[in-house]
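[1] model the structure of this input:
(one chain, ligands or ions: 1)
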Amino acid sequence: MAGTSYQNLIARNNRRWNLDGVHNATETFRFGRPRFLLGSKAIGADEVATRLANGEKVLVSRELEVKYQDRVSLKRETSEELTSPGQLKTFAARFDRPEGPAEVYQVQSQSLTGWVDPSEYETANFYDGNADFVVTPDEILSEAAPKKLSYENDSLLDFQFHRLTKQIPPQVVEYLDSKGYQKAMLDLAGERPDLVKVLSIGKTREGRDIQVMRIGHGDNHAFISGLSHAREWLTGQVALETARELVNTPQLHETLTAWIMPVHNSDGYEKSRTEDPSVRTNANGVDINRNYSAEWRLAGDSPHSTSDDKGGSDRLGSPSFRGKSALSEPESQAVERFLDEHSEITHWLDLHGYGKLMIMTDEQELAKNSPLIKALNTELPDYKVLDLNSYGATTGTSIQLAKKRGITSMVLELETSFQPAGAKRELGVQKGVRAAMTFLKQVTERSNRHLSTKPNL
Ligand SMILES: [Zn+2]
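    The predicted structure follows:
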């Protein structure tokens with residue numbers, strides 16, 4: 001075992017790595033035995049193995065040199081004293097990273113310090129204003145602070161910290177996983193089989209069921225969706241809790257049929273819970289909410305160039321990658337097929353996070369739905385109302401698809417962080433559920449006033 005770790009580390013000595021498109025790095029690993037007053041004497045694999053097996057000291061050092069063109073930007077030495085094969089294994093696990101050299105960029109949030117994962121060096125370099133290989137809170141805030149969205153510094157710093165280090169934030173335990181959601185939906189249907197049905201509208205790329213609950217028996221049909229963006233953890237919980245609230249609101253059961261899909265993108269969601277908390281796309285790297293068939297690509301945006309990207313990206317790896325073609329993904333296909341099969345649906349609330357925004361496609365939609373906006377504003381007075389033009393160009397989104405189909409729809413960007421924890425999560429759920437229930441009530445009131453305006457498409 002000592003042999004493998006030793007060989008792997010020594011094999012890295014001749015490699016030159018491109019870190020972030022700008023800097024190159026080399027590493028030198030050395031093993032030695034301590035000599036009284038004379039530093040250490042270099043030793044080979046056999047002696048390392050023998051000494052560690054006997055519990056004798058082995059010194060291991062790693063020297064990192066990072067260059068920009070020919071200028072040395074960073075030199076760092078890490079040394080350890082090892083006395084067991086297990087310690088060598090731990091040292092090797094830290095530094096023998098196939099993606100590149102470890103422990104190059106440091107990252108700090110308000111309360112945390114860690115090492116940037118090699119896969120995130122490009123982002124770290126982008127943030128690191130003074131190129132000292134330390135990404136500080138000030139640097140993160142000056143680059144990552146969103147313009148139109150409401151956010152809080154602490155949440156943003158924590159998120160960027162977990163993103164750059166690829167650590168899963170501790171509040172993951174406050175959120176159900178995909179299986180937990182499935183069980184919760186089936187439990188709800190089990191409690192009220194007269195009222196709640198769970199159906200699968202298709203499968204994700206990795207073969208998970210995409211499940212929708214149907215709740216109620218009314219003639220007014222509304223759709224609520226969550227977690228099409230993997231990292232927006234709050235949205236799934238708001239959708240599920242809205243379903244529970246609706247089950248306990250009998251006055252709506254005879255006027256409303258709600259279709260509720262808490263977890264649209266369960267593949268991406270699972271990845272965000274276990275590998276990379278910043279992932280937004282599906283298992284294929286596609287942003288589902290840029291992959292719908294309406295306005296998938298704007299005029300003047302050519303398919304084979306990313307320099308002219310408008311409203312979605314043609315670069316695989318971008319969080320807003322629109323996919324190779326409209327509706328290329330099973331998750332977007334499932335929703336469009338579902339809407340085909342349920343043309344009785346007149347309203348769609350698509351839950352996202354974060355930013356405290358209510359977004360509809362355009363000024364006319366906002367004007368046409370002023371009673372709905374007014375009612376939602378009463379529940380969420382600090383949320384801003386925007387149309388897509390003011391938000392910024394987007395393509396292939398849920399609300400653009402809805403508009404094409406004559407469905408009244410809104411994107412609700414909940415609260416101020418992707419993955420709120422503790423009291424902030426609880427408050428976010430409460431506010432989200434109240435907003436979703438207000439939305440559903442408006443759907444029924446609309447029909448009471450006989451204002452149904454859905455065109456035949
Ligand atoms: Zn989103």
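[2] residues near whichever residue of the stretch 151-300 of the chain sits closest to the ion, how many?
    Closest to the ion within the stretch 151-300 of the chain is residue 229: 3.5 Å, counting by CB to the ion. No exception for glycine: its C-beta is placed from N, CA and C like everyone else's. Residues lying near residue 229 (other CB atoms under 10 Å) number 27.
[3] in the stretch 301-450 of the chain, which residue sits closest to the ion?
    Closest point on the stretch 301-450 of the chain to the ion, by CB to the ion, is residue 352, at 3.3 Å.
[4] that older thread, skipping adjacent residues, who's closest to the residue of the stretch 151-300 of the chain closest to the ion in space?
    residue 280 (4.8 Å; CB to CB, 6 or more residues apart in numbering).
[5] what does the chain put close to the ion?
    229, 232, 352 (CB under 5 Å from the ion).
[6] change it to 8 Å
    228-229, 232, 235, 280, 289, 352-353, 411, 413 (CB under 8 Å from the ion).
[7] just confirm residue 256 contacts residue 439, I think it does.
    No. Between residue 256 and residue 439 there is no contact under CB atoms under 8 Å: 10.8 Å.
[8] intersection of neighbour lists for these two?
    Applying CB atoms under 8 Å, 6 or more residues apart in numbering, one finds that residue 256 and residue 439 are jointly contacted by residue 222.
[9] ok, residue 399 - contacts?
    By CB under 8 Å, 6+ apart, the residues touching residue 399 are 348, 350, 359-361, 388, 409-411.
[10] ok but it is inside a helix, no?
    Yes. Judged by DSSP: H, G, I helix; E, B strand; the rest coil, residue 399 forms part of a helix.
[11] tell me the SS of the closest residue to residue 142 other than its chain neighbours?
    Nearest residue to residue 142 in three dimensions, chain neighbours excluded: residue 129, at 7.0 Å (CB to CB, 6+ apart). Remark: residue 129 carries the secondary structure label coil [criterion: three-state DSSP].
[12] measure residue 129 to the ion for me?
    28 Å (CB to the ion, to the nearest Å).
[13] and that residue, how close does it get to residue 144?
    For residue 129, the distance to residue 144 equals 12 Å [CB to CB, to the nearest Å].
[14] which one's more surrounded, the two?
    Using other CB under 10 Å as the criterion, residue 129 and residue 144 rank with residue 144 on top: 16 against 13.
[15] re the thing from before, how about the residue of the stretch 301-450 of the chain closest to the ion: what's its closest non-neighbour residue?
    residue 413 (5.0 Å).
[16] just give me the neighbour total for the one you found.
    24.
[17] beta partners for it?
    Beta-bridge partners recorded for residue 413 (DSSP bridges): residue 352, residue 357.
[18] so who does it touch?
    Contacts of residue 413 (CB under 8 Å, 6+ apart): 149, 352-359.
[19] let's see it at 6 Å
    Applying CB atoms under 6 Å, 6 or more residues apart in numbering, we find residue 413 in contact with 352, 354-355, 357.
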